[in-house]
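> predicted model follows, preceded by the sequence.
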Amino acid sequence: MALINENYLKLKAGYLFPEIGRRVNEFIAANPDKKVIKMGIGDVTQPLAPSVIKAFHQGVDEMAKGDTFKGYGPEQGYAFLREAIAKNSYQDKGVNVSADEIFISDGSKCDTGNIQEIFGNGNKIAICDPVYPVYADTTVMSGKTGTCQTNGYYDGIIYMPCTRENGFIPELPTETPDLIFLCYPNNPTGTVASKEELKKWVDYATDKKAIILYDAAYEAFIQDNSIPRSIYEIEGARKVAIEFRSFSKTAGFTGTRLAFTVIPNELVAYDLLGNEYPVKPLWNRRQSTKFNGVSYPVQKAAAAIFTEEGKKEVAEVIAYYMENARIMKESLAATGYEVFGGENAPYIWVKTKNGMTSWDFFDKVLNEANVVGTPGSGFGPSGEGYFRFSAFADRENVLEAMERIKNLH
Ligand SMILES: *Cc1c(COP(=O)(O)O)cnc(C)c1O
């Protein structure tokens, strides 16, 4: 008799985006003449940069000829890409990360989920609320939790509320975690963590022999140079943190797929007797057993974002999204909303007026302004009463959406 992994039965149904889709489709069916503007889902809208496309084509052409054809690539990814990342994303910024500590993958979503496999099920996981749903769901799948409570919290996970009161940076938990997911710049709140705030977490992890799983998918959107782009800018982090980065939002690779994970040589975890083990070889073992790398043309295309031209082109697209964010933030604030984020991240986190729930606000904005956003409560109970707008839209849609929201009653 084939037995299923019963941990999957604990997962609450993927509710948020299907429910948004259902309500939007219902509205469109009833109002076929209305133009609905979508500012909900966190996907990019601008095409890949010209130099990325050029390198992508070159990579495909190389695959077409016997003397440049490539089969299976190196385990951790091509050296040309890992070296370009180490130099441009870290070393040139004074951060100590070397190419041999970088693992190229097809996504940070996969990596943040898969990483749990190399850590034992006795680990206590801490995650923020509200949060990118992948961290909690993969924790459940791995068997580290009990069932889901009515508020959406799973038994066995340590939840860390991120609220307006704590500036959307969680307080150190009272129960001690072993693995701590942090994501800055944050999805969904669009807020960032300062060096001092991250230092507090690195010191805490060091003290507890815990590991921080640091999701820096939105690093490229940081405008304020005093905000850390990498956890490794913090002293001591190499011993206690894994960093995840993605080309998805940085360079429009959501449909092309490329990301990477950094595991420093010094990072250790323990067996039950307290013996230390380096973590990097475990991840290498996991990836080389279950993953065969990202296609050569995609790695070649990704490396193009580090050329002079590529850097300029990618920066222009980010500037375009961040100008959207600025327009949205100013407009929503002028309309009387309390707004957060949007300065170093492509998300605006809006407090609804008069204590309206996230879903009531969703319906109001959809029905009266024909604009789609994301209800904050879908990211966790602490997101109730908030709403997320994404800046990944075309400028004319942003301007029109803001104009319509201004006229809401
Ligand atoms: C979009 C996003 C990612 C990127 O995932 P990919 O699998 O690399 O596309 C990672 N973390 C967060 C929080 C995100 O929003």
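Sure, I can see it.
> please parse this structure into its domains.
14-43+309-406, 53-306 (automatic domain parsing).
> for stretch 91-108, measure first residue to last.
End-to-end span of stretch 91-108 (Cα to Cα, to the nearest Å): 21 Å.
> over to stretch 175-183?
Counting by Cα to Cα, you get 20 Å between the two ends of stretch 175-183.
> so which strand or helix has Ile85?
Taking DSSP states H and E as the criterion, Ile85 maps to helix 79-85.
> after that helix, next one along is what?
Following helix 79-85 toward the C-terminus (DSSP H and E): strand 102-105.
> and after that next one, which helix or strand comes next?
Next helix or strand after strand 102-105 toward the C-terminus (DSSP H and E): helix 108-114.
> tell me what that following helix is packed against?
Using 3 or more Cβ pairs under 8 Å, 6 or more residues apart in numbering; DSSP states H and E as the contact test, the elements touching helix 108-114 are helix 134-141, strand 211-215, strand 241-246, strand 259-262. In short, each C-beta sits where N, CA and C put it, glycine included.
> just give the number of residues close to the residue of the stretch 251-400 of the chain found nearest the ligand.
For the stretch 251-400 of the chain, the residue closest to the ligand is Ala259, as judged by Cβ to the nearest ligand atom, at 4.0 Å. Residues near Ala259, counting by other Cβ atoms under 10 Å, number 24.
> can you pull the contacts of it?
The neighbours of Ala259, taking Cβ atoms under 8 Å, 6 or more residues apart in numbering as the test, are 104-108, 110-111, 217, 244-248, 253.
> how close does it sit to Phe103?
Going from Ala259 to Phe103 by Cβ to Cβ, to the nearest Å gives 9 Å.
> ok and the residue in this structure nearest the ligand?
For the chain, Cβ to the nearest ligand atom, closest residue to the ligand: Gly107, 2.8 Å.
> check that residue and give its pLDDT.
Looking at Gly107, its pLDDT stands at 97.
> quick check, it in contact with Arg257.
Yes - between Gly107 and Arg257 there is a contact at 5.8 Å, judged by Cβ atoms under 8 Å.
> who touches both of the two?
Here Gly107 and Arg257 have Ser248 as joint contacts, going by Cβ under 8 Å, 6+ apart.
> tell me which of the two has more neighbours.
With neighbours defined as other Cβ under 10 Å, Gly107 and Arg257 compare such that Gly107 has more, 21 against 18.
> for that one, grab phi and psi.
Dihedral pair for Gly107: phi 160, psi 150, per degrees, to the nearest 10.
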